[in-house]
Structures are given as structure tokens and as C-alpha cells.
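> Mind folding the following:
(chains A and B)
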Amino acid sequence: MSKSKLITSGYIKSIVGASLFEDQAQKDITTDLLVNKSSITSAKIIANENGIIGGLDFADEAFKQIDKKTKLKKKFQEGSAIKKGDIIAEIKGLTGSILKSERTAINFLGLISGIATKTHYYVNLVKEYKTKICCTRKTLPTLRAIQKYAVTLGGGTNNRFNLFDEIFIKDNHISASQNIFDLVQNALRLNRSGKVITVEVDTLSQLETIQSLNFNRLLLDNMKPDEIKKALSMVGN
Amino acid sequence: MSKSKLITSGYIKSIVGASLFEDQAQKDITTDLLVNKSSITSAKIIANEDGIIVLNKKEYIEKVA
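Okay, the predicted model is just below:
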């Protein structure tokens, strides 16, 4: 699934709305009691450390949902490298509106930039090899689209988005069936919708058993570097 | 707001439902193609390391209230 399909404007509106509701931003009692309703503020979002910036549209949406007159001026493009001290965005609007939305806005920036930055670190570590960094379905419940999007911002790639995306034969399926060859052969035979077939193996013996079959991708699960080298040579890489 | 008001059964139903939908768990194509529909399994969730586990809502509320 592509990045653009993951993060639509409707999705941003919906998840930002839910997050503002979760924070009861429209009922910020402290701001309502203490801040002059006509006060105007200019503010800056400043990077606390080096990294990759992400989530700017989410932050903008958070400010806009509380007060559509709040202006956010982006100083970097989504996915850009930033340095500690850089001004990421400038905001101008009613002080109360900014105070009500800033935590939610920064939570999105922090979550997305954090994942993008960490992904970029690992992408750089392996850049001299024929290797990509790819994420899994082990995501925070209901935040998968955001987390997978953040991985792509950091230069990583996404594996399947959900259980319908592809046929993915894992150790649990193999344990249930006991016969990995039959399992993969059945998947190939029954795959009438042309889904990608990925097979996870734990051992070189499992790989040897299925390597004659014409599936699409192989996942070497928890193998040591020496085993990975042997596995790659077995499949001609 | 107390912890018991945060984690209601309605909240659990709602967020678990959204998470299963996100994963398209009802359309698990691999399982639907390859697993015998009448097959029964007993499984265990085993701790990988020391830690604190939240076993159920009641216990969670008692511990944190």
C-alpha cells in the first residue's frame, strides 16, 4: 500500500480530531480561565535534536481544528533532515487557540519524527549493502497508518499493511500444519487473487524443503548472520 | 478522572474493534486459505522477559486506583 493511500486528508482530519477530543482541547479550563481571549501570539516550533521531521500536516490540522484562523508556516518540507535548534514551523494566532492545540500538534510531530529519525538511522547503517529496512505489523493499536508512514519518511519500506494484503506463511501456520512444503504448495495452488506470497523460515532445513517452490519472498526469522549468509547462497543471492 | 473511568468495557470494545479492523483480521487471507476451518488449537502466551502484566481490567483498576 502506498504512502499516499495510507495518509489521506480525511484520515488526518479524523485522527487529529480524535486526539483533540481525547485531550478535551476545546475545554481547556486553564486557558479559558486565565488567557485573554483577544491575545495574539507568535510561536516557533524548534527542533530539540537532529533528525527527520514528519507530521507537519497533522500539526497544522490540530491548530486549524481548534481555530481555523491559526496560521502555521512550515520552514521544512515533510521528510527533511533537521538539526537541533532549527525552526521547524512558525505559528501565529489567538494565544488561547495555540495553547489548546499545541500539545496534540507536537505529539504528532514527536511520534512521526521519532519513528522517521530512528528508521533513518538504521537505513544509513545498512546503506552500503543491498539491504532495505522494512517494518512489521507490530504497531501501536489504531496507529498503524501513521507509524508505517513515518517509516517511509525515514527511508524505510513497509511490509504488508494488514492480513488481507498478502499471503504470509509464518511459524504459527507452519506449527499448525507440520508440513511446510504442503503448506506453501497449497498457498500457490489456492492463490487465485494473485497475492504476493511470503514464507517465513526459522531454519536452513525448512528453506531447503521449500526452495524449489515458486513463491515471491522469503523471511529469515531470527537467524544469525552466518545462517543468513548460508540462506542467501542457497537461494542464489 | 479516575483510572476506572478511563478504561471502561465500552472503551475496550471500541479500541479493540478498531485495531482488529485496522489489521483486517476478519479477512486474514493466509489463515482462510491454509488453516482447516474446524481445527482446534490450545495455545499459551509465554513471557519473554521479567515485567508487569495486566491480566484483566478488574486487576488493572485495583492495582492503579
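> how about the residues of chain B near chain A?
B:15-16, B:18-19, B:22-25, B:27-31, B:33-35, B:39, B:41 (CB under 8 Å from any CB of the partner chain). C-betas here are computed from N, CA, C, even on glycine.
> Pull out the buried residues from these.
B:19, B:22, B:23, B:28, B:29, B:30, B:31, B:33, B:34, B:35 (16 or more other CB atoms under 10 Å in any protein chain shown).
> Can you tell me which of the residues of chain B next to chain A end up in helices?
B:15, B:16, B:18, B:19, B:22, B:29, B:30, B:31, B:33, B:34 (DSSP state H).
> surely the first one meets residue A:142?
Yes: here residue B:15 reaches residue A:142: they are 6.4 Å apart, a contact under CB atoms under 8 Å.
> Do me a favour and average the pLDDT over stretch A:174-188.
Mean pLDDT, stretch A:174-188: 88.
> tell me the domain boundaries of chain A?
Using automatic domain parsing, the domain parsing of chain A gives A:3-125, A:166-237.
> Check those domains for me and report the most buried one.
When you average the neighbours per residue for each of the domains of chain A (mean count of other CB atoms under 10 Å in any protein chain shown), domain A:3-125 leads with a mean of 17.
> Mind pulling up the pLDDT for the residue nearest to the spatial centre of chain B?
Per CA atoms, centre = their mean, the C-alpha nearest to the average position across chain B is that of residue B:16, at 6.8 Å. pLDDT, residue B:16: 96.
> What separation is there between it and residue A:14?
18 Å (CB to CB, to the nearest Å).
> what's the answer for residue A:43, then?
From residue A:43 across to residue A:14, the span is 26 Å (CB to CB).
> Nearest residue to residue A:41 in space, please, no chain neighbours.
residue A:95 (4.1 Å; CB to CB, 6 or more residues apart in numbering or on different chains).
> what separates the one you found from residue A:140, distance-wise?
32 Å.
> do residue A:28 as well
Taking CB to CB, one finds residue A:28 at 25 Å from residue A:140.
> ok, the nearest residue to residue B:16 once chain neighbours are set aside - how many residues close by?
Excluding its sequence neighbours, the residue lying closest to residue B:16 (CB to CB, 6+ apart) is residue A:141, at 7.6 Å. A count of neighbours around residue A:141, defined by other CB atoms under 10 Å in any protein chain shown, yields 12.
> my read: residue A:141 touches residue B:17, true?
No: look at residue A:141 against residue B:17 with CB under 8 Å: they stay out of range, at 10.4 Å.
> hang on, residue A:144 packs against residue A:137?
Yes: taking CB under 8 Å as the definition, residue A:144 is a contact partner of residue A:137 at 7.1 Å.
> Between those two, which has more neighbouring residues?
It is residue A:144, of residue A:144 and residue A:137, that has more neighbours when counted by other CB under 10 Å, with 20 against 17.
> Just give the closest residue to that one, not the sequence neighbours.
Residue A:144's closest residue in space is residue B:22 (CB to CB, 6+ apart), at 5.3 Å.
> List, one by one, the residues from chain A near chain B.
A:137, A:141-142, A:144-145, A:162-170, A:173, A:176-177, A:183, A:186-187, A:190-191, A:193, A:195.
> Just the ones in strands from those, please.
Among the residues of chain A next to chain B, the ones falling in strands (DSSP state E) are A:167, A:168, A:169.
> Which one of those residues is nearest to residue A:91?
residue A:168 (43.0 Å; CB to CB).
> okay, stretch A:8-18 in CSV with CA atoms only?
Provided in CSV are the C-alpha atoms of stretch A:8-18 (Å, rounded to 0.1, in the frame of the first residue of the first chain):
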residue,chain,number,x,y,z
THR,A,8,-5.3,10.9,3.2
SER,A,9,-6.6,14.3,4.3
GLY,A,10,-9.7,12.6,5.6
TYR,A,11,-7.5,10.3,7.7
ILE,A,12,-5.6,13.3,9.1
LYS,A,13,-8.8,15.1,10.0
SER,A,14,-10.2,12.1,11.7
ILE,A,15,-7.2,11.1,13.8
VAL,A,16,-6.4,14.7,14.7
GLY,A,17,-10.0,15.3,15.7
ALA,A,18,-10.0,12.1,17.9
